[in-house]
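Enquirer: model this:
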Amino acid sequence: METKKKKILVLEDEKPLARALELKLAHEGFDVKTDSNGENVISFLEKDDYALIVCDMLMPKFDGFKVLEVLKEHKIKVPVIVLTNLSQPEDEKRVKALGAVDFLIKSNAPISDVVDRIKKQIG
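Expert: Numbers count the residues shown, from 1 in each chain. Have a look, this model is predicted:
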């Protein structure tokens, strides 16, 4: 019997990074959907069950802070790993207060580390 792949939503506006994450996660056996903006997060979550969201903080229109606020408002309990260039302690504190389960700084986190953190969160 085939096991159903866990779905991951990657919200990242840097196309090369989004593509690299998509390829690496797919290679690891996940079903991956990417989007360059957080604006559509609710419609994605209404259509599919996602095991986890990887979310950039700085995106056009709808940034990661807004994504976390919307998830909290709608009482959506999908774990969110923040992957960002923001490196101030107050940014990390704010995203954790909004419900993010992990906070990674892009320049300090190779793709393999991001994948390891994802696996740790969702098995």
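
Enquirer: and the next helix or strand past the helix or strand of the chain with the lowest mean pLDDT?
Expert: Lowest on mean pLDDT, DSSP states H and E among the helices and strands of the chain sits helix 41-47, with a mean of 92. The element immediately downstream of helix 41-47 (helix or strand, assigned by DSSP states H and E) is strand 52-55.

Enquirer: now for the least confident helix or strand of the chain, which elements pack on it?
Expert: strand 7-11, strand 31-35, helix 64-73 (3 or more CB pairs under 8 Å, 6 or more residues apart in numbering; DSSP states H and E). Yep, even glycine has a C-beta here, placed from its N, CA and C like the rest.

Enquirer: angle of the helix or strand immediately after the longest one in the chain against helix 64-73?
Expert: Secondary structure here is assigned by DSSP H and E; on that basis, the next helix or strand after helix 64-73 toward the C-terminus is strand 80-84. An angle of 170 degrees separates the directions of strand 80-84 and helix 64-73 when computed by axes from the mean of the first three to the mean of the last three CA atoms, to 10 degrees.
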